[in-house]
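Undergrad: Build me a model:
(one chain, ligands or ions: 2)
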Amino acid sequence: MKNNHCDVLIIGGGIIGHSISCYLNKSGVHAAVVEKQASGGKATQAAAGMLGVHTENEGVGKYHQFCEKSRDMYTGLAQELRELTSIDIGLSHFGMMEIAVKDEEKEALLLKKSTFRNLEWLETPIDRIPSLSDKASGALFMKDDGHVEPRQVCESFKRAALLYGGDLLEDRTVLRVKNNQGSFTVHLDSCSLTAEHVVVASGAESGQWFETTGLPNPIVPTKGESFSIKLRENYFNEALFFRDFYVVPKPDGRCIIGATSKPDDKTTNTSVGGLSSLMNLLFSLFPEWKEAAFQDFWSGIRPGTEDGVPVIGEHPFISNLYFATGHYRNGILLAPATGQLIEKQITKKPIDPSIQELFSPSRLAEKGEWTYEYSS
Ligand code: FAD
Ligand code: GLY
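TA: Numbering: from 1, shown residues only. Ligands and ions are numbered 1, 2, ... in the order given. Down below sits the predicted model:
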């Protein structure tokens, strides 16, 4: 990096940090990502990659529109990133299905159908997925939703950002950020850099950057555990959702089964109890799958927030310090729109004020003392 200086320094090389870097460098702003381990190795590697606009956020209105927009951005991105980086991000256009078993689940899904556009009710989902238990009393089909391969998306954003002129420092930890009134000195474990702007995109580890800059910490780390199986036959292409549990079939025959939800659990092991609760749900929907070959298991820590909404935008008291974190269950879905939103904010392009307000860190602001240094 020339003179150890960049326009924008991004703390964290997960899917959010690399998306931001890609959009900034593409628009001619020199951005560098600092990642303390390997890119994409934390929450991003654990994700199933669902673009679950209708399954994993309760929001209607602006938040829902932001989710739809980000999902739709993936269509153009898949082609752009393939041409630029030769990486296929594994975008599936087969839709998602949410299954009802109990009467009240059916009622809730029919209500959802009446709330959103382009959703279809399937009275007999077993016609489409023959291995499904006959306990399924119906399913909501969300034809526009789908899934991607999160690691490939992260890797292709990373490579695209580098091709657009960006920088990346892996195996380097940001320890401290000092505000010099107009620019920042960023102290890493090995050296110091200067930057005009800093973006905190540190996932579940973002909390310290709120605390050390005078804001209440909104981050709720929430562990998720998953496993995968290999199916002998490709039973279906749609991602299935059932009571926070899901089955995501990948084109290579892997089927991802997820995920537990353990707030404030920051441990990295995958528990037997967690996997067995997922297996019980799986076998209740697919009794025949007990013979499927077990393939892998893993966990990751989702960056949740107290109000369930990500924090994307400029610090209320410190100019040019930005947050892009708290994407909880939707970081893969929201990576493209988040990258673009931060790029627009930094380059002072017009933004829908209601979107800016929805995600703004200003909502966290409290009176009181604040400092802007962090020491580990
Ligand atoms: P991360 O991927 O955690 O990246 C943050 C990075 O910051 C890390 O690599 C970390 O090492 C680095 N870092 C932290 N502190 C520092 C520092 N001081 N210096 C340098 N680097 C630092 N979302 C979906 O949209 N669809 C899904 O299907 C889906 N499934 C999921 C399944 C599971 C089991 C889990 C756990 C999550 C799932 N998610 C899903 C959520 C999604 O994975 C996250 O929202 C997303 O990955 C968050 O990305 P991130 O870049 O903010 O965080
Ligand atoms: N979005 C799926 C999960 O967070 O488990």
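
Undergrad: Please report the distance of the residue nearest to Q340 when sequence neighbours are not counted from H187.
TA: Distances taken as CB to CB, 6 or more residues apart in numbering place Y23 nearest to Q340, at 5.2 Å, with adjacent residues excluded. In short, each C-beta sits where N, CA and C put it, glycine included. The gap separating Y23 from H187 is 26 Å, by CB to CB, to the nearest Å.

Undergrad: before we move on, what about K36?
TA: Look at K36 and H187: by CB to CB, they are 13 Å apart.

Undergrad: Quick check: neighbours shared by the two?
TA: V174 (CB atoms under 8 Å, 6 or more residues apart in numbering).

Undergrad: ok, now how distant is the closest residue in space to L278 that isn't next to it in sequence from ligand 2?
TA: Excluding the flanking residues, the one nearest L278 by CB to CB, 6+ apart is I257, at 5.5 Å. Relative to ligand 2, I257 is positioned 11 Å away (CB to the nearest ligand atom, to the nearest Å).

Undergrad: Got phi/psi on I257?
TA: Phi and psi for I257, reported as degrees, to the nearest 10, are phi -120, psi 120.

Undergrad: Confirm for me that it is in contact with I229.
TA: Yes: under the criterion of CB atoms under 8 Å, I257 makes contact with I229 at 6.8 Å.

Undergrad: In the helix ranked longest in the chain, which of the residues would be classed as buried?
TA: As assigned by DSSP state H, the longest helix anywhere in the chain is helix 61-85. In terms of neighbour count (16 or more other CB atoms under 10 Å), helix 61-85 has its buried residues at 63-71, 73-74, 77-78, 81, 85.

Undergrad: quick one: the helices in the stretch 151-300 of the chain?
TA: 207-211, 272-285 (DSSP state H, counting those that start in this stretch).

Undergrad: hey, which of those is tucked in deepest?
TA: Of the helices of the stretch 151-300 of the chain, the one with the most neighbours on average (mean count of other CB atoms under 10 Å) is helix 207-211, at a mean of 19.

Undergrad: Does ligand 1 have contacts with that helix?
TA: No: Helix 207-211 does not reach ligand 1 (CB under 6 Å from any ligand atom); its nearest approach is 7.8 Å.

Undergrad: do stretch 308-324 as well
TA: No: against ligand 1, stretch 308-324 shows no contacts by CB under 6 Å from any ligand atom, the least distance being 7.4 Å.

Undergrad: With just CA atoms, put that stretch into PDB.
TA: Extracted C-alpha coordinates of stretch 308-324, given in PDB (Å, rounded to 0.1, in the frame of the first residue of the first chain):
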ATOM      1  CA  GLY A 308     -32.800  -6.800  15.000                       C
ATOM      2  CA  VAL A 309     -31.700  -4.200  12.400                       C
ATOM      3  CA  PRO A 310     -28.200  -3.900  11.100                       C
ATOM      4  CA  VAL A 311     -26.100  -0.800  11.800                       C
ATOM      5  CA  ILE A 312     -25.000   0.800   8.500                       C
ATOM      6  CA  GLY A 313     -23.800   4.400   8.400                       C
ATOM      7  CA  GLU A 314     -21.600   7.100   9.900                       C
ATOM      8  CA  HIS A 315     -20.900   7.500  13.600                       C
ATOM      9  CA  PRO A 316     -23.100  10.200  15.100                       C
ATOM     10  CA  PHE A 317     -20.200  12.100  16.700                       C
ATOM     11  CA  ILE A 318     -17.100  11.000  14.700                       C
ATOM     12  CA  SER A 319     -17.000  12.100  11.100                       C
ATOM     13  CA  ASN A 320     -15.800   9.600   8.500                       C
ATOM     14  CA  LEU A 321     -16.100   6.600  10.900                       C
ATOM     15  CA  TYR A 322     -18.700   4.100   9.600                       C
ATOM     16  CA  PHE A 323     -20.300   0.900  10.800                       C
ATOM     17  CA  ALA A 324     -21.500  -1.900   8.600                       C
END
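
Undergrad: Noted, bye for now.
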